[in-house]
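Asker: sharing a model that was predicted from the sequence below.
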Amino acid sequence: MSTTPAASVLVVDDEEGVRSFLAEALELSGYDVAEAEDGQAALEALSRRSFHVLITDLTMPRVDGMTLLRRVRADQPELEIIVLTAHGTIETAVAAIKLGAFDFLQKPLESPGELRRLVARAVERRRLRALQEITRGDAGEPTLSYGDPAMQPVVRALEKVARTDATVLLIGESGTGKEVAAQAVHRWSARASGPFVAINCAALSESLLESELFGHEKGAFTGAQARRRGRLELADGGTFFLDEVGELKPGLQAKLLRVLQERRFERVGGNQTVSADVRWVAATNRDLEAMIARGEFRQDLYHRLAVFPVHLPPLRERPADILPLARALLVRVGAQLGRAGLELAPEAHELLLRAPWSGNIRELANTLERAAILSDDRVLRAEHILVTPGRPRPLARTPSPAAAPGSRLSPRPPPRRRWPRPSARPSGPRSTTSAATGARPPSTSASACARCTRSSSATASRERIVRDEGAAAPRARRV
Ligand SMILES: Nc1ncnc2c1ncn2[C@@H]1O[C@H](COP(=O)(O)OP(=O)(O)OP(=O)(O)O)[C@@H](O)[C@H]1O
Ligand SMILES: [Mg+2]
């Protein structure tokens, strides 16, 4: 079921009659309309929430239309602006368009038809611009899986949940493709033409994270020279990806809980309530349930986030995906290095299939990049494939596969872990949701994640020698 909100329009005019005529005509067409009596009131409304289209008169008390236009252009470039001009003032309309207005309407309006057509075009332009931003530089969306049976229920669950506005919690070891999965949920959702905005809770200090999330008012702290909108506001109408949510400090956990409950928040240093319509996707490689037991993660926040938990299996549990993924990654590596047509020799296949991949797809990508650098020609042979030594970590309640510690490779691929069938899962509200969609219940998935925290720090230092190609991954709008 599509849950796309109606496009929102802010109508600004000091003449009450004009305002209500415009507002009624647009409301009848299904728009979500708000009114402001002058430029100052409009700026206040815009600081409280985002709109898709702004229709503004030019001559108004306090802040006039041109000033409003300039301020909005600087602060909210994605907003489409239509100006209202009196007959015979075409020069002003032209000046407004030069300043970035989408179009103009002449007063008095003969009929609402022209207004509706223009607003529909503005909404469409905004949608297309967002779409262009998503696809820019994106030579093809990554394929989540190439048919490995362990991934089929995962992909099905993601496709199903994408069509709703339910909050998704992606659980998986480092490098399993959680961010790629979050982008897929966004792309497959009714919000695809809206922004995809991500924030990494591990990458920023607590205070910086708070101001990045919620924005800040001018003077909120030393260096806050102007009001700044937070990433949540920038994600309005789209998807907000909260990465590494297990790293959130207790103070921010409480603030985030409030946003998830009330869908409202205040900017740092401000008391004005701001709202943003976002779909939440969170990701973690931590065992959140163990963190709850240790008092490190709020249970109420966990339940808000884990409405729809999806576990991404480690690469070693999806061997049928390894070679097709490697080929797809080689295309990317080739493009980055300016060496198209890279391919793997048959004996290199064998190595890739047998490696433990404790750093998962990220490690596979790094290994291929290294191989391409080492190889002087198009074909990457076994001697170029330097797999990080390490043993595959055992899975929850699964004995560790035989692999000599420190050996170059595990002697054979680790045993496959089958997901429990829905009927084998305990009953209860959470497991019911998961069973219905193929997602794994949080308790099972989280326990499998306890080890990834340890191993990811181990692989992190090894992987520092090669560039993290996360930045080159196709992404929508990463602010
Ligand atoms: N299906 C896929 N096809 C191609 N590349 C992929 C795929 N999944 C993941 N990758 C690549 O693997 C790397 C890791 O993916 P991603 O950042 O999504 O993983 P993650 O689980 O978020 O990792 P971390 O926990 O380390 O942040 C990225 O470079 C990404 O582009
Ligand atoms: Mg990630």
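Answerer: Yes, it's here. Ligands and ions are numbered 1, 2, ... in the order given.
Asker: please count neighbours and contacts with C-alpha atoms only from this point.
Answerer: Fine.
Asker: so how far is the lengthiest helix in the chain off the chain centroid?
Answerer: Ranked by residue count and defined by DSSP state H, the top helix of the chain is helix 112-135. Going by Cα atoms, centre = their mean, to the nearest Å, the spacing between the C-alpha centre of helix 112-135 and its chain's C-alpha centre is 23 Å.
Asker: ditto for stretch 312-328
Answerer: Its chain's C-alpha centre and that of stretch 312-328 lie 23 Å apart, by Cα atoms, centre = their mean.
Asker: neighbouring contacts of the longest helix of the chain?
Answerer: Here helix 112-135 makes contact (Cα atoms under 8 Å, 6 or more residues apart in numbering) with 7, 22, 25-26, 29, 52-53, 78-81, 102-103, 105, 192-195, 475-477.
Asker: how about stretch 91-103?
Answerer: Residues from elsewhere that reach stretch 91-103, judged by Cα under 8 Å, 6+ apart: 66, 69-70, 73, 80-83, 85, 104, 118, 122.
Asker: chain center to it, what's the gap?
Answerer: Stretch 91-103 sits 34 Å away from the centroid of its parent chain (Cα atoms, centre = their mean).
Asker: now list the buried members of the contacts of helix 112-135.
Answerer: 7, 22, 25-26, 52-53, 78-81, 102-103, 105, 192-195, 475-477 (16 or more other Cα atoms under 10 Å).
Asker: in helices only, show me these.
Answerer: Among these, the members falling in helices are 22, 25-26 (criterion: DSSP H).
Asker: closest to ligand 1 out of those?
Answerer: Closest approach between those and ligand 1, by Cα to the nearest ligand atom: Leu26, at 41.0 Å.
Asker: what is Glu35 paired to in the beta sheet?
Answerer: Taking DSSP bridges, one finds Val11 as the beta-bridge partners of Glu35.
Asker: return the residues in contact with it.
Answerer: Residues near Glu35 by Cα under 8 Å, 6+ apart: 10-12, 19, 23, 42.
Asker: and it, how close does it get to Ile199?
Answerer: Distance, Glu35 to Ile199, using Cα to Cα, to the nearest Å: 33 Å.
Asker: could you do Glu206 as well?
Answerer: Looking at Glu206 against Ile199, where the rule is Cα to Cα, the gap reads 12 Å.
Asker: so which of the two has more stuff around it?
Answerer: Here Glu206 and Ile199 are set side by side on neighbour count (other Cα atoms under 10 Å), and the busier one is Ile199, at 21 against 17.
Asker: so is the more buried one in a helix, a strand, or just coil?
Answerer: strand (DSSP: H, G, I helix; E, B strand; the rest coil).
Asker: what does the one 10 residues further on give?
Answerer: Assigned by three-state DSSP, the conformation of Leu209 is helix.
Asker: grab the nearest non-local neighbour of it.
Answerer: Spatial nearest neighbour of Leu209, chain neighbours left out: Cys201 (6.9 Å); criterion: Cα to Cα, 6 or more residues apart in numbering.
Asker: next to ligand 1, which bits of this structure? Give me the list.
Answerer: Applying the criterion Cα under 6 Å from any ligand atom, the portion of the chain that neighbours ligand 1 consists of 142-145, 174-180, 325, 329, 361-362, 469-470, 473.
Asker: burial check on Ala162, number of neighbours?
Answerer: Other residues near Ala162 come to 25 when the count uses other Cα under 10 Å.
Asker: so it touches Ser189, yeah?
Answerer: Yes. Ala162 sits in contact with Ser189 when judged by Cα atoms under 8 Å, with a separation of 4.8 Å.
Asker: next one, pLDDT for Asp64 please.
Answerer: Listed pLDDT for Asp64 reads 90.
Asker: how about the contacts made by it?
Answerer: With contacts defined as Cα under 8 Å, 6+ apart, the neighbours of Asp64 are 38-39, 57-58.
Asker: can I get these in a markdown table with pLDDT and secondary structure?
Answerer: As requested, the contacts of Asp64 are exported to a markdown table (pLDDT from 0 to 100; DSSP: H, G, I helix; E, B strand; the rest coil):
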| residue | pLDDT | secondary structure |
| --- | --- | --- |
| Asp38 | 94 | coil |
| Gly39 | 93 | helix |
| Asp57 | 91 | strand |
| Leu58 | 89 | coil |
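Asker: of those, closest to Glu233?
Answerer: For Glu233, the closest of the contacts of Asp64 turns out to be Gly39, at 20.7 Å, with distances computed as Cα to Cα.
Asker: for the spatially closest residue to the closest one that is not a sequence neighbour, give me its contacts.
Answerer: Once its chain neighbours are removed from consideration, Gly39 has its nearest residue in Val63; the separation is 4.4 Å (Cα to Cα, 6+ apart). When contacts are counted by Cα under 8 Å, 6+ apart, Val63 is found next to 38-40.
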